[in-house]
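Asker: Here is my input, please return the structure:
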Amino acid sequence: MNRRIRIPALGLLAASLLAVSAQAASPGNHPAALGKIRDTAMASDYAWERTADMTDLIGPRLSGSAGAAAAVNQVADAMRKLGARVTLQPVKVPHWVRGEEKGELVEYRGRPSGITQRVVLSALGGSGATPADGIKAEVIVVSSFDELKARAAEVKGRIVLFDVPFDQHMAERGLAGQAYGQGSTYRVNGPRLAAEMGAAAALVRSVGGANYRLPHTGNSGLQDGARIPAAAVTVEDAMLMSRLAKRGPLSMRLVLTPQILPDADSYNVIADLPGTDKPDEVVIVSGHLDSWDLATGAHDDAAGVASAMAVFDTLKKLDYRPRRTIRMIAWMNEENGTRGARTYLEAQQANAGKHIGAIESDNGAGRPFGLRASVPAASAKLFAPLQAALQPIGAGVFQRQDALATGDLSGLERAGVPSFAPLLDTSTYFDYHHTAADTLDKVDPDNLRRHVAVMTATAWFLANVEEPVGRANVPVK
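Answerer: Below you'll find the predicted structure:
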């Protein structure tokens, strides 16, 4: 009798030990596991080292450039060293190159004989070109689209300057994204509208803070067949031109010689950490690999890519294996086309339902305060364990929105994939954004560690929740 009892008892003990062993190997979303992820990320400089590699060793990475190609190889090699399964997804990208750029105020009321004044400017992505020796034209200054329309009769053959200030007060109060949106609409839509009205060229006041006579570049909305020369001028020069225009007629000599070359071959870098029991379900963690060409793109977006890479490094150090596949993507061509994101969406459209969530970091490397998420309202309470794990580093805020509409994830979001992004201090981000000042020295290593902690804990949490957190409810546009 006793022997018969002992045999099943031993079987139960063995089963119990196997269960304990399995739990140790796959800790899931237990608070202790999330805490270890946080602490391991906070003790590592992996993301800082990868950010330094990308910015100091490569430099600018505009799509189609040698720098962009070098970054693809650098990131792919680093992810292979972490043991990830790496795929290079081919993407055809725009290849726009900056040429000579000069601006000079040559006629204005009260100008002393022999005096001209230099204007500091930078061509906008997609800008058309002037003749090699430039153009000379009168400048009209407008402060809104309504004013442009009201002065339509004055536009033809002239250079239009959109003098619209960036609202730094908004940026300092947590509304930097909204402030940027208000300003960038003039950069994206202004040159196109001016071209349609017959302007010879278009200028925009730089969209950003920290007015140290730095031009902020960015993409224009110009298309083939209507590409006029277009540039961003510094805040100081926009203000000067506005003052001079109030005195009387103002003329400028402008030289912009960019070129639009045939589309180039490039790649999204995709690295997978396969899931243990739901490998066909995917959680994306990402940043974009390309940058503008004025600087090394440390905040925009080397730090974002490096933080996504560090998710794999953190989990490797802990030997944690997720239930679902965690997929790191370094997107190509976010800045002037989002071709990488569109290519991925086209390839994965039928599998969108298998994407449980997608994380992207593309708002700089400021201090994280928590997480933004486009999950259903009823799902917000599910994230309490994640919030608790991040609270010790001051990153426990959870901000639900109907849609994040981040550049590379917006298509996936419209397909129902919930989007996530670190909730960051962006009060000074637009001081450097798209300028020659976006360099490694502006990145705080401690903030970057916190960044990695937020992204890794979030990716792990999504990869191990018992049930998906619900689909994004974004109207298809």
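
Asker: Export only the CA atoms of stretch 200-212, formatted as CSV.
Answerer: Provided in CSV are the C-alpha atoms of stretch 200-212 (Å, rounded to 0.1, in the frame of the first residue of the first chain):
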residue,chain,number,x,y,z
ALA,A,200,10.6,81.5,-57.5
ALA,A,201,11.6,80.0,-54.2
ALA,A,202,10.4,79.4,-50.6
LEU,A,203,12.0,79.9,-47.3
VAL,A,204,10.7,78.9,-43.8
ARG,A,205,11.7,80.0,-40.4
SER,A,206,13.5,77.1,-38.7
VAL,A,207,11.2,74.9,-36.6
GLY,A,208,12.8,74.6,-33.2
GLY,A,209,14.1,76.3,-30.1
ALA,A,210,17.6,77.5,-28.9
ASN,A,211,18.0,80.4,-31.3
TYR,A,212,21.8,80.3,-31.9
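
Asker: What are the buried residues along that stretch?
Answerer: Using 16 or more other Cβ atoms under 10 Å as the test for burial, stretch 200-212 gives 200-211. From N, CA and C alone the C-beta is placed, and that goes for glycine too.

Asker: how about these in a markdown table, adding secondary structure, pLDDT and distance to V91?
Answerer: Formatted as a markdown table, the buried residues of stretch 200-212 follow (DSSP: H, G, I helix; E, B strand; the rest coil; pLDDT from 0 to 100; distance: Cβ to Cβ, whole Å):
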| residue | secondary structure | pLDDT | distance to V91 |
| --- | --- | --- | --- |
| A200 | coil | 98 | 35 |
| A201 | strand | 98 | 31 |
| A202 | strand | 98 | 29 |
| L203 | strand | 98 | 32 |
| V204 | strand | 98 | 28 |
| R205 | strand | 98 | 33 |
| S206 | coil | 98 | 29 |
| V207 | coil | 97 | 27 |
| G208 | coil | 96 | 28 |
| G209 | coil | 93 | 33 |
| A210 | coil | 88 | 33 |
| N211 | coil | 91 | 36 |
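
Asker: closest to G366 among those residues?
Answerer: G209 (13.2 Å; Cβ to Cβ).

Asker: dump the residue contacts of that closest one.
Answerer: 166, 168, 171, 428, 430-431 (Cβ atoms under 8 Å, 6 or more residues apart in numbering).

Asker: hey, where'd the helices end up in the stretch 101-250 of the chain?
Answerer: Under the criterion DSSP state H, counting those that start in this stretch, the stretch 101-250 of the chain carries helices at the ranges 145-150, 152-155, 168-172, 176-196, 235-247.

Asker: Just name the most buried of these.
Answerer: Mean neighbours per residue, mean count of other Cβ atoms under 10 Å, is largest over the helices of the stretch 101-250 of the chain for helix 176-196, with a mean of 20.

Asker: which other residues reach it?
Answerer: Against helix 176-196 from outside (Cβ under 8 Å, 6+ apart): 124, 127, 145, 148, 155, 160, 162, 164-168, 170-171, 201-202, 204-205, 207-208, 218-223, 226-228, 230, 232, 363, 426-427, 429-430, 433.
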